[in-house]
Every structure is written in C-alpha cells, then in structure tokens.
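Peer 1: My questions are about this predicted structure, shown below with the sequence.
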Amino acid sequence: MNETLFQPLKLGAIETKNRIQMAPLTRGRATQPGSVPNAMMATYYRQRAGAGLIISEATGISVEGLGWPAAPGIWSDEQVEGWKLTTEAVHEAGGKIVLQLWHMGRLVHPSFLGGKPGVSASATTAPDHAHTATGRQPHEQARALDLDEIPRVVADYRHAAENAKKAGFDGVQLHGANGYLVDQFLRETTNLRTDDYGGPPENRVRFLREVLTALVDVWGADRVGVRLSPNGETQGCNDSDPAAIFGAAAQVVQDLGLGFLELREPGPEGTFGQTDVPKQSPLIRTIYKGPLVLNSDYTAEQAAADIAAGKCDAVSFGRPYISNPDLAERIRQGAQWAENVNVPKSWYLPGPEGYIDYPTLAEEREAAE
C-alpha cells in the first residue's frame, strides 16, 4: 500500500512527493473585515504540508462571489499579503499548495451584498439555508447574469489567478463543483438560459471553458486544475444526463491540457451530493488523459487499490485532514487516524481550538510515554 501512495507524481508542472492530497476544506478562520488570510491559517497549512499537494480552502474571487462567514478572498492586495504567510510556510515545510478559486453564485445571500441579489446562470433559488454572519437565513432568488456581464466575471477569475501568482502559490484550481457558479452553468436545473450559454451541453460548458482559458493565460495549462462533482444533485444543481454534461466538461479539460482534474464522488457518508447515482469517473477517464484525482470518503487501503487499478492517479482526503495534520505520515506507518471531535462545531468557529491544536502521531506517542 505504501509503495503505491508514496510514489511521486507530476500534475502538469507540479511535482508531488506522494499521491495523497489534502482536499479543499472551508474552515472560516480569515480575519474580518476584509476576508484576509492570517498567521493562524499559515500554521494550519504548514502542519499539513506532508500532503503531496494541498488544495486550499475555497477562496472568493470577488466580493460578489463570496458568501461564507470568515472565508478568505484573493481580490485585494491585503489578501495577497495574507496568503503569502501560508505559501511561505508550506514551502518551508517542503509542501506544495494551489489556491482554489471560488464564486458561489446563487448561494451568496443578499446580506453579503448590501441587500442585492446574488448572481447565477439563471434566476433561480437554492434550497435550504445560507450561512450568514447573523446565522442561517433562507436563500433568496438570484438574478441571471446578463450576456454583457459574463466577461466581467471571467475577468474577476483572471484577476484572482494573477493575485494567486503574486501570493506565491504553485498553481490554481477552479472550483467547478458542489452547486456553485460554474456548476450552476453546467447543470440543466440551474441553467435555464436560451442563449449561447444554455441549452445543449456544448453551450453549458462555455462558461467553464472561458474561465479556464483565462486561468491558463495567467498560469499556463500545466499549473491549472479543476474540481467537478458529477455525482447527482448537489445544493439544488442536478442534470438528467450527467454523462453528457460531464463528458463535455471533461473534453474541455482535455482540450485545454490542464495539469489535473479532481472529481468529488461521495460514498455513503458523503455530503454535497447523492450517493446512489452511477459514478462518472470511468467515462471521464476515457476522455481526459491527464492526472485524475478522486475524492471523498476514502480509506488509505481503497485509495491505494484504486490507484493501483488505474482508476485514478491520486486521492484527495478532506475531513481526515482536520484532525490528522500528519495524515500522510500516519498512512505511511499504518497508524490509526485520530477521530474528529466537536464536529461540526469546531469546523467553523473562530480561534485555534479544533483547528491547529490536533497533535501529530509523534506528539501523541511522546505524550503517552
């Protein structure tokens, strides 16, 4: 098992020391106001630099696109300076880190936007509730982006990618999953457009293609990745023919020659999607020929088995990295994983508790002596 997971891997131009990745995890610790990354966040990521690649928490590309309390952004100079603390810490610890670029679309509650509605592919309303600075509030209807606005949003992604380069990241990943803006353009329940961005799959992937092209212009294709979630309904986004739309999306990724593609395919304990729908990764692997990363509810044994069987090239672990900062080393030694405690309360509370106070395996053993 160790031999499989600890082989090096090239994700385009990014060379990783193993095939264990840290998946993006929203933790809500950025300094407010301003959504500014801070020294505590740098400590958190440095502790987890044993991963072959860290994919940062989802990071807002603009005020318009960020609707999660205390999540970080990447649109301002102050945010760039704050992120430098993290990239320097991870690199000093021997790790690699890419920034995940995030626009939440219709999931941004108007309370984040001075009362104005969020934007989406179409004028639709997300189910359930939004997390806001004053607690849970019902989602409200978003407005459809006008045709002449779409280039502005693409430019926001480009600006965020440029700032990520200034901040010292090794690359970027586009968040195209989990019912956020890119996903809202991809799927038919949230994309009701009748123009060039709606209708057949080749139109619904147009926004994805334009955003990725902008990121490639900044970084080069070999330092750009994308995350997709071809796993049934997620935050109200769904499609009657997932093979068609996600096959078309995979073709975009292949055409652009991206460095890696990550797929979120939940298991029985997963979130952000149904778990009883056919997985699309076998189809997508026949279309996209670059490195494929699978995510969600993996054990080390299953990760090694899927890599050995050629189902993927790496596996990203999310929740296990919350309480196991040294997850890769625990896997290397075949040691037990620490369980998440005070969950999900500690995921999003401010402060170090439940964030940077989890011991490593070595620290646990020293404390037990």
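Peer 2: Done, it's in.
Peer 1: tell me which residues of stretch 204-218 are tucked away?
Peer 2: Neighbour counts over stretch 204-218 (16 or more other CB atoms under 10 Å) mark 204-216, 218 as buried. All C-beta atoms are positioned from the backbone trio N, CA, C, and that covers glycine.
Peer 1: now, which of these lie within helices?
Peer 2: Under the assignment DSSP state H, the buried residues of stretch 204-218 contribute 204, 206-216, 218 to helices.
Peer 1: Lowest mean pLDDT among the helices and strands of this structure, which one is it?
Peer 2: helix 345-348 (a mean of 80; mean pLDDT, DSSP states H and E).
Peer 1: Quick one: name whatever helix or strand follows that helix.
Peer 2: helix 361-368 (DSSP states H and E).
Peer 1: quick revisit: report the two of the ones in helices among the buried residues of stretch 204-218 separated the most.
Peer 2: R204 and V218 (24.1 Å; CB to CB).
Peer 1: Give me the distance from the strand ranked longest in the chain to the chain's centre.
Peer 2: The longest strand of the chain (DSSP state E) is strand 53-60. From the chain centre to the centre of strand 53-60 is a distance of 6 Å (CA atoms, centre = their mean, to the nearest Å).
Peer 1: Not counting its own residues, what contacts the least confident helix or strand of the chain?
Peer 2: Residues from elsewhere that reach helix 345-348 (CB atoms under 8 Å, 6 or more residues apart in numbering): L25, T26, R27, G28, P69, A70, H131, I322, E353, G354, Y355.
Peer 1: Give me the buried stretch members for it, please.
Peer 2: For helix 345-348, by 16+ other CB under 10 Å, it's S346, W347, Y348.
Peer 1: and for whatever helix or strand comes next after the longest strand of the chain, what are the contacting residues?
Peer 2: Where DSSP H and E defines the elements, the next helix or strand beyond strand 53-60 is helix 77-92. For helix 77-92, the surrounding residues in contact (CB under 8 Å, 6+ apart) are 30-31, 34-39, 41-43, 45-46, 49, 54, 56, 72-74, 96-97, 99, 163-164, 166-169.
Peer 1: Could you pick out the buried ones from these?
Peer 2: 30-31, 35-38, 41-43, 45-46, 49, 54, 56, 72-74, 96-97, 99, 163-164, 167-169.
Peer 1: what residues are up against P37?
Peer 2: A30, T31, P72, Q79, G82, W83, L85, T86.
Peer 1: From H103, how far off is the third one?
Peer 2: From P72 across to H103, the span is 14 Å (CB to CB, to the nearest Å).
Peer 1: what do these two both touch?
Peer 2: With CB under 8 Å, 6+ apart, P72 and H103 have common neighbours G60.
Peer 1: low pLDDT regions in the chain?
Peer 2: For the chain, the stretches flagged by pLDDT under 70 are 1-2, 267-276, 341-342.
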